[in-house]
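Trainee: coords please:
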Amino acid sequence: MAQVPDVVLNNGVSIPQLGFGVFQVLPGETQQAVEAALESGYRHIDTAAAYRNEAGVGAAIRVSGLPREELFVTTKLRNGEQHAARSAFDASLAQLRLDYVDLYLIHWPVPSQGRYVEAWKELEKIQSDGGARAIGVSNFLPEHLETLLADARTTPAVNQLEIHPSLQQAAAVDKSRALGMAVEAYSPLGQGVDLDHPVITSLAERRGATPAQIILAWHLSQGTIVIPKTVNQARMAENLASAGITLTAEDVAAVSALEAGNRVGADPATAAFTQL
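Mentor: Below is the predicted model of the structure:
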């Protein structure tokens, strides 16, 4: 089994660089999927209140018998609860049946709502009270980061963004890293849209790897945390094995040249859904 490296966050907390995401995993299938992921060797699980599958994640953790301190669990604050972050966080803990999470994120900035700074102040309290070992944001563009940090005591540890070869969000990535935040990629395979690109398939053939492994190795080579999702246990193992693939600088450059502005999810500048 490939050894997954850790990334040390700006507050000293370590996070496994390759994790398992449960976005779009049905609540009734989540426990089985996470159990399989843990059996495969994953120790970093990423969920969110909006996914409505936190209970399944928690159940899988309990069944696994793994020591809590060996696991890294992320969940996120729903957009429509930014005014009530503490109660939302408590509800997530109750769903997970955990005493704390390792990372708690504001899921989207929702700039039209104007409440993410208010929410961040509550996340700072949650962290100081021991509810979350680290706090961060998701889908924050440079302007959102600037607004947040103008009134924050704590710099986010992570900015989780949609990143894949055809959408690399260089401005947000560079701004996050310049501020000392780790960058985490969701939809790291572009929800499949990048897997069939000739550059990716050619690299996969030459490396004796799968297209997914090439893309994940590309993320890892840049220090990006990555959370692929699958409910297929063979693909779980395949994705995990990408940690053992080393790309050349030329390989990395070839994949990086695929930027096309191909956003699969919502635009953080305008997204305004409540997730409730």
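
Trainee: hmm, L123 is touching A85, no?
Mentor: Yes - using Cβ atoms under 8 Å, L123 is in contact with A85, at 6.1 Å. (Each C-beta comes from the backbone N, C-alpha and C, glycine too.)

Trainee: overlap in contacts, those two.
Mentor: Common contacts of L123 and A85 (Cβ atoms under 8 Å, 6 or more residues apart in numbering): L77.

Trainee: what about the stretch 1-150 of the chain, any weak spots by pLDDT?
Mentor: Filtered on pLDDT under 70, the stretch 1-150 of the chain yields the residue ranges 1.

Trainee: wasn't T75 part of a strand?
Mentor: Yes - assessed with DSSP: H, G, I helix; E, B strand; the rest coil, T75 lies in a strand.

Trainee: just checking, it touches A50?
Mentor: No - taking contacts as Cβ under 8 Å, T75 lies outside contact range of A50: 9.6 Å.

Trainee: compare the two and say which is more crowded by neighbours.
Mentor: Between T75 and A50, counted using other Cβ atoms under 10 Å, the more crowded position is T75 (28 against 21).

Trainee: bridged to that one, which residues?
Mentor: T75 has the following beta-bridge partners by DSSP bridges: Y104.

Trainee: contacts only, for it.
Mentor: Counted by Cβ under 8 Å, 6+ apart, T75 has contacts T47, A48, A49, E54, S92, L96, V101, L103, Y104, L105.

Trainee: what helix or strand does V255 sit in?
Mentor: V255 is located in helix 249-256, with elements delineated by DSSP states H and E.

Trainee: pull the CA atoms of that helix into CSV?
Mentor: Output in CSV follows, covering the C-alpha atoms of helix 249-256 (Å, rounded to 0.1, in the frame of the first residue of the first chain):
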residue,chain,number,x,y,z
ALA,A,249,8.4,18.0,-14.1
GLU,A,250,7.4,17.5,-17.8
ASP,A,251,4.5,15.3,-16.9
VAL,A,252,3.3,17.9,-14.4
ALA,A,253,3.6,20.7,-16.9
ALA,A,254,1.7,18.7,-19.5
VAL,A,255,-1.3,18.3,-17.2
SER,A,256,-1.1,21.9,-16.0
